[in-house]
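J.: Give me a model of this one.
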Amino acid sequence: MSAMATEVAEKTSEEGPGTGDKVANRFDLEKETELRFEVESGEPEEGKKPEEVVLELLTGMAEIFGSELNRNKKYRFGPGSKIAVFTWHGCSVVLEGKPEAAYRSGETPMRLYLNTHAALEQMRKQAERDNERGPRVMVVGPTDVGKSTLCRLLLNYAVRVGRRPTLVELDVGQSGVSVPGTVSALCIERPADAEEGFSVQAPLVYHFGSTTPGTNIKLYNKLTSCLADVFSQRCETNRKASVGGCIINTCGWVKGSGYQALVHCASAFEVDVVLVLDHERLYNELKRDLPHFVRVVLLPKSGGVMERSKECRRVSRDEKIREYFYGFRGSSFYPHIFDVRFSDVRIYKIGAPSIPDSCLPLGMSQDDTQLKLVPVTPGRDLTYHVLSVSCAEDGEEGARRGIVESPVCGFIVVTQVDTQAQVMKVLSPARRPLPRHTLLIMDIRFMT
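T.: Just a heads-up that it's a prediction; the model follows:
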């Protein structure tokens, strides 16, 4: 196989099919190679549409992170997109627009990833024969090594052979299921759309409230255990879910308390396989600390994975929240804006500020304060905060302890606070009234 990690080749000035006045770049890919391209991120100039790149498969077969492409269909990718079009047998594709970078590469770990899927599928077949549970897989590694991409690929491959795996999303910074600041689980029933990702219908979502697990590690571990308990209960009543197993996406914090959180997750979910991406030290530590029956596998990251800046992460988080309220690019969702009286809701923050041990009540530790519900009085500083609408029953003071462990039924954003009228204006995906009246505040803000 020839080395093909070269910059854009075979540029043509002729218009491709339906290209209008845009220049089309054609790429002929050999078998087991991929086209990698990036769309420039950043805010578009005023009055201009966001830059996008259009992909079209002309001949052959290709996929994006395990999602098969349809021939002669145009796929549109907006600012910040980082895409790899892989082909097992060879293909020709056309790119329209101005990608920030576009090149072909023959150096990919796709064969290793496919072998990983094949091994997991063998475990599922054995689970069917022996009436046991399917594999529970945890994907770990530092920031920006392609954990989310590998999870998506393995889930797509599993669904394409008829399985019903579950995605467990523990990355509170860049959630692939719900808005940032949450942990969640989603049953995968069909392959991800190449543009939009997985269809997010009826996910199980818990409020964490921050984009960094370290802000409240006890709450993070508590929610991990809640997800594990619910998933295990579902597996007891749903054979397909049990055989399909789960793929757990983790955050990139792999040292200190972050490492302990990974060990806790492995224990809570009783994982069978841990896939370590591009971190030999983490691989050896997990081999040492996890039970001997857990298979720990070291895999390389793709050469197309790039480190993201803090600004890029912030833009990505904002886009995820925007999608929740307004729909994916080109969708026509219209959220509602209405007033909510202070007296109609109760707002809490999970976790009290840390105080010196000498000031704590007798017998109480700092850990106890991390799960404490702290009432929040609405004020102007609440403006633009994202609030989770808890599924906890309203009006039961005794139920306050259960709020932490209750899932959420949606999110709102406070757009304006009037302290004199005791009213706040909120952005909501559904009409008034709110389905529940217990709200949990996030550290995350969203400028509508």
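
J.: CA only for contacts and neighbour counts going forward, please
T.: Noted.

J.: ok, which stretches of the stretch 151-300 of the chain are helices?
T.: Ranges of helices within the stretch 151-300 of the chain are 217-237, 239-244, 257-268, 280-289, based on DSSP state H, counting those that start in this stretch.

J.: packing partners for the second one?
T.: Helix 239-244 makes packing contacts with helix 110-130, helix 217-237 when contacts are defined by 3 or more C-alpha pairs under 8 Å, 6 or more residues apart in numbering; DSSP states H and E.

J.: possible to save the ones you listed as TSV with distance to Leu262, mean pLDDT and mean neighbour count?
T.: Listed next are the helices and strands packed on helix 239-244 as TSV, based on distance: least, C-alpha to C-alpha, whole Å; pLDDT from 0 to 100; neighbours: other C-alpha atoms under 10 Å:
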stretch	distance to Leu262	mean pLDDT	mean neighbour count
helix 110-130	21	98	16
helix 217-237	9	97	18
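
J.: Nearest to Glu280, out of those?
T.: For the helices and strands packed on helix 239-244, the distance to Glu280 is smallest for helix 110-130, at 16.7 Å, taking C-alpha to C-alpha.

J.: pLDDT on the very next helix or strand once past the closest one, on average?
T.: Counting by DSSP states H and E, the element after helix 110-130 in chain order, helix or strand, is strand 136-140. Within the predicted structure, the mean pLDDT of strand 136-140 is 98.

J.: Quick one: list the elements packing against strand 136-140.
T.: Judged by 3+ C-alpha pairs under 8 Å, 6+ apart, the packing partners of strand 136-140 are helix 147-160, strand 246-249, strand 273-277.

J.: and those, which is most packed in?
T.: Ranked by mean neighbour count under mean count of other C-alpha atoms under 10 Å, the helices and strands packed on strand 136-140 are led by strand 246-249, which reaches a mean of 26.

J.: Show me what that one is packed against.
T.: If contacts are counted by 3+ C-alpha pairs under 8 Å, 6+ apart, strand 246-249 sits against strand 136-140, helix 147-160, strand 166-169.

J.: correct me, but Ile64 touches Phe77?
T.: No. Here Ile64 does not reach Phe77: they are 12.0 Å apart, not a contact under C-alpha atoms under 8 Å.

J.: got the contact list for Leu427?
T.: Under the criterion of C-alpha atoms under 8 Å, 6 or more residues apart in numbering, the contact list for Leu427 reads Pro335, His336, Ile337, Phe338, Ile412, Val413, Val414, Thr415.

J.: same check, this time on Met306
T.: Under the criterion of C-alpha under 8 Å, 6+ apart, the neighbours of Met306 are Asp144, Val145.

J.: Look up how far Asp144 lies from it.
T.: As judged by C-alpha to C-alpha, to the nearest Å, Met306 and Asp144 stand 7 Å apart.

J.: filter the contacts of Leu427 to the buried ones?
T.: Among the contacts of Leu427, those classed as buried by 16 or more other C-alpha atoms under 10 Å are Ile337, Ile412, Val413, Val414, Thr415.

J.: how about the helices of the stretch 151-300 of the chain in a markdown table, adding distance to Ser178?
T.: What follows is the helices of the stretch 151-300 of the chain, written out as a markdown table (distance: least, C-alpha to C-alpha, whole Å):
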| stretch | distance to Ser178 |
| --- | --- |
| helix 217-237 | 14 |
| helix 239-244 | 21 |
| helix 257-268 | 20 |
| helix 280-289 | 28 |
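
J.: Leu154: which of those helices is closest?
T.: Relative to Leu154, the nearest member of the helices of the stretch 151-300 of the chain by C-alpha to C-alpha is helix 239-244, separated by 11.4 Å.

J.: how far out from the middle of the chain is the closest one?
T.: Taking C-alpha atoms, centre = their mean, to the nearest Å, one finds helix 239-244 lying 22 Å from the centre of the chain it belongs to.

J.: Please enumerate residues in contact with that helix?
T.: For helix 239-244, contacts defined as C-alpha under 8 Å, 6+ apart pick out 124, 127-128, 132-135, 158, 163-166, 187, 234-236.

J.: before we move on, the earlier item: to Arg313, which of the helices of the stretch 151-300 of the chain lies closest?
T.: Comparison of those against Arg313 by C-alpha to C-alpha identifies helix 257-268 as nearest, at 19.3 Å.

J.: Please spell out which residues along the closest one are buried.
T.: Quick answer for helix 257-268 (16+ other C-alpha under 10 Å): Gly258, Tyr259, Ala261, Leu262, His264, Cys265, Ala266, Ala268.

J.: Hmm, the fifth one is touching Asn221, no?
T.: Read it as His264. Yes. With contacts counted by C-alpha under 8 Å, His264 reaches Asn221, the gap being 7.1 Å.

J.: So which of the helices of the stretch 151-300 of the chain is nearest Ile403?
T.: helix 217-237 (11.6 Å).

J.: Pull the distance from the closest one to the chain's centre.
T.: The mean C-alpha position of helix 217-237 is separated from the chain mean by 17 Å, C-alpha atoms, centre = their mean.

J.: Do me a favour and get the end-to-end distance for stretch 341-348?
T.: Distance between the boundary residues of stretch 341-348 (C-alpha to C-alpha) amounts to 16 Å.

J.: what's the distance between that stretch and the middle of its chain?
T.: When distances are taken as C-alpha atoms, centre = their mean, stretch 341-348 is centred 30 Å away from the chain's centroid.

J.: which residues are contacting that stretch?
T.: With C-alpha under 8 Å, 6+ apart, stretch 341-348 has contacts from 373-378, 422-424, 437-441.

J.: So among those, which ones count as buried?
T.: The neighbour-count test (16+ other C-alpha under 10 Å) marks Leu373, Pro378, Val423, Met424, His437, Thr438, Leu439, Leu440, Ile441 as buried among the contacts of stretch 341-348.

J.: So which of those sit within strands?
T.: By the criterion of DSSP state E, membership of the buried ones among the contacts of stretch 341-348 in strands covers Leu373, Val423, Met424, Thr438, Leu439, Leu440, Ile441.

J.: ok, which pair from those is furthest apart?
T.: With distances taken as C-alpha to C-alpha, the most widely separated pair in those is Leu373 and Val423, at 22.5 Å.

J.: just to revisit the earlier point, what is the lowest-pLDDT residue among the ones in strands among the buried ones among the contacts of stretch 341-348?
T.: pLDDT across those is lowest for Leu373, at 92.

J.: Leaving out the residues flanking it, which one is nearest to the residue positioned nearest the centre of the chain?
T.: Computing the C-alpha centroid of the chain and ranking residues by C-alpha atoms, centre = their mean puts Gly176 first, at 1.8 Å. Nearest residue to Gly176, sequence neighbours excluded (C-alpha to C-alpha, 6 or more residues apart in numbering): Glu169, at 6.9 Å.
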